[in-house]
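Asker: Predicted model and sequence follow; I will ask about them next.
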Amino acid sequence: MDKYLAEFFGTFWLVFGGCGSAVLAAAFPELGIGFAGVALAFGLTVVTMAYAVGHISGAHFNPAVSVGLVVGGRMEAKYLLPYVVSQVLGAIAAAAVLYVVASGKAGFDAAASGFASNGYGAHSPGGFSLMSALVIEVVLTAFFLFIIMGVTHANAPAGFAPLAIGLTLTLIHLISIPVTNTSVNPARSTGVALFQGGWALHQLWLFWLAPIVGGIIGAITYRAIKK
């Protein structure tokens, strides 16, 4: 149970910190955080929680990461479903708290604002197509898993994995926020989509499919070059 609680709270922090920066801070241009600030916020959530609970659960905070690590031989399959459930519940709880906070501002509308949801086509921040969204989510999640497996290998420098993983997530957001608002994490996508309640739920399938496919590809690729 300690592993599942760690995944719950770690995913909560990722969604509340990352999506919270988009909903509460980036919505105000005068604060100046923009896309870069949101990208950094997501990275910082992973760095901080990975150092806090990585020794308990491995600090996945992401169903695509958990699937990839099972495929990569780093986690037993029997833990996969409880990990994913814990992550999704953590994301939903974070989105609920964020919704309560954001609703304290007059005129806030989660459906109209998008509530930091992931999307493609008309709901892509830059108007990118379904194909663009599919490709970038698969490719970036594949590299994310590849890097995670590399920096957590027994032969990698000790103590630096959380920093490398957090910086990777920051870079991923810098690349893909204009395309999909950056998912690479089905739990993160699910939490906020439930509160947006419209188009985000209709497009949610992509943000489960693409990251999981990418995670599997990344894990298989790493195993192929590092026995």
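Answerer: Structure's in. What do you need? Numbering: from 1, shown residues only.

Asker: check contacts around the residue nearest the centre of the chain.
Answerer: Compute the mean C-alpha point of the chain, and by C-alpha atoms, centre = their mean the closest residue is residue 185, 3.6 Å away. Listed by C-beta atoms under 8 Å, 6 or more residues apart in numbering, the contact set of residue 185 reads 14, 61, 62, 63, 64, 65, 211. Yep, even glycine has a C-beta here, placed from its N, CA and C like the rest.

Asker: for residue 206, same thing?
Answerer: With contacts defined as C-beta under 8 Å, 6+ apart, residue 206 is in contact with 118, 120, 130, 133, 134, 137.

Asker: gap between it and residue 65?
Answerer: Here the criterion is C-beta to C-beta, to the nearest Å. By it, residue 206 lies 18 Å from residue 65.

Asker: And residue 39, by the same measure?
Answerer: To residue 65, residue 39 is 18 Å away according to C-beta to C-beta.

Asker: contacting residues for residue 36?
Answerer: If you count contacts by C-beta under 8 Å, 6+ apart, residue 36 has them with residue 174.

Asker: which other residues reach the lowest-mean-pLDDT helix or strand in the chain?
Answerer: When the helices and strands of the chain are scored by mean pLDDT, DSSP states H and E, helix 110-113 comes last with a mean of 92. Counting contacts by C-beta under 8 Å, 6+ apart, the residues outside helix 110-113 that touch it are 23, 27, 99, 102, 195, 196, 197, 198.

Asker: one step back: of the contacts of residue 206, which is the most crowded?
Answerer: Ranked by neighbour count under the definition other C-beta atoms under 10 Å, the contacts of residue 206 are headed by residue 118 with 33 neighbours.

Asker: Give the phi and psi angles for that one, as a check.
Answerer: Residue 118 adopts backbone torsions of phi -90, psi 140, taken as degrees, to the nearest 10.

Asker: wait, doesn't it sit right on residue 201?
Answerer: No - Residue 118 is not in contact with residue 201 according to C-beta atoms under 8 Å; the separation is 11.1 Å.

Asker: and for those two, which residues touch both?
Answerer: Common contact partners of residue 118 and residue 201 (C-beta under 8 Å, 6+ apart): residue 193.

Asker: Which strands or helices does whichever strand or helix holds residue 138 pack on?
Answerer: Here residue 138 sits within helix 130-151, counting by DSSP states H and E. In terms of contacts (3 or more C-beta pairs under 8 Å, 6 or more residues apart in numbering; DSSP states H and E), helix 130-151 is packed against helix 63-71, helix 161-180, helix 206-225.
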